[in-house]
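Engineer: From the sequence below, what's the structure:
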Amino acid sequence: MPANWYLPSYATATLTVGVARGEIRHFGVPIAAEAGDIIGSATEPLAIGVKNVGSLAGVISLRIRDLDGATIWTGSITLAIDEYDYVYPKPSYTMPARDLRLRTEAYHDSIVDSYMDKTVTLIVRVDTKTTLTLEPTSIEPGGTYHYKGKLTRIDTGAGLGGMDIIARRYEAGVWKEVGSGTTDTGGSYDISVTAPVDVGDVLCEAAFPGVVPFASSFAQARLGVGVLTPIWALASAALGTAIVIVSRM
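Structural biologist: Numbering: from 1, shown residues only. Alright, predicted model coming up:
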């Protein structure tokens, strides 16, 4: 048999050497929060948008760090080459009494491929005080009366202008909204309301619902509703004047 009786043959294949490499393109966090609020709760998670810009499909490791503290979350996402998708971390991290500087990172081994920084601004809550005076304090059924008062800051006593005030009455076991108004530049308000048709004492409330950074507050007063009848009169025909004192029945 000849020495070269066989024919040589071979096969080729390409081996790709690379990694799945994440590029952070979105990092969703709250704009602001009060100290003690939960950042990334089960009902309000954070969001990270990642694209695989590497040469292989695979798992991309992710983490979130408090830049003034520790790592608060670790996770991963599996992406094809050039695929973009989101993960929704729930670190349940307590907002500190400072601005919270967060960084999310996409990494492999000890190499950080990309990152994005966001800051959750600390809200310093300002307590408020609402006052209420009813004018008049007694009214006939269906008559018009006024909620008057002022909204101020507790810390400085300054009035808060441009704030919504809700007028309510407690009727049939529930609070009923009966009017609304806005405070003037000095924090004062005046809301005109129609009295109920039923006779009796009614609990009224003026409420400031609160708006960041101002905390909600309210005040209450009682309104007497009844038929006003004269009980004593002094008249002067010559002067054409009369003084009448009335009482509520």
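
Engineer: give the contact list for Ile31.
Structural biologist: Counting by C-beta atoms under 8 Å, 6 or more residues apart in numbering, Ile31 makes contact with 120-121. Quick note: C-beta positions are derived from backbone N, CA and C, even for glycine.

Engineer: What distance do you get for Lys150 to Ile139?
Structural biologist: 22 Å (C-beta to C-beta, to the nearest Å).

Engineer: Send over stretch 118-125 as CSV, restricted to the C-alpha atoms.
Structural biologist: Extracted in CSV, the C-alpha atoms of stretch 118-125 (Å, rounded to 0.1, in the frame of the first residue of the first chain):
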residue,chain,number,x,y,z
LYS,A,118,-28.4,59.7,41.4
THR,A,119,-29.1,61.7,44.6
VAL,A,120,-32.3,61.4,46.7
THR,A,121,-32.6,64.9,48.3
LEU,A,122,-33.5,65.0,52.0
ILE,A,123,-36.8,66.7,52.7
VAL,A,124,-36.7,68.7,55.9
ARG,A,125,-40.4,68.8,56.9
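
Engineer: Quick one: distance of that stretch to the chain centre.
Structural biologist: Taking C-alpha atoms, centre = their mean, to the nearest Å, one finds the center of stretch 118-125 at 12 Å from the center of the full chain.

Engineer: And stretch 108-115, by the same measure?
Structural biologist: Taking C-alpha atoms, centre = their mean, one finds the center of stretch 108-115 at 35 Å from the center of the full chain.

Engineer: do stretch 180-189 as well
Structural biologist: Mean-position distance between stretch 180-189 and its chain equals 22 Å (C-alpha atoms, centre = their mean).

Engineer: got it, and stretch 58-68?
Structural biologist: For stretch 58-68, the distance to the chain centre is 27 Å (C-alpha atoms, centre = their mean).
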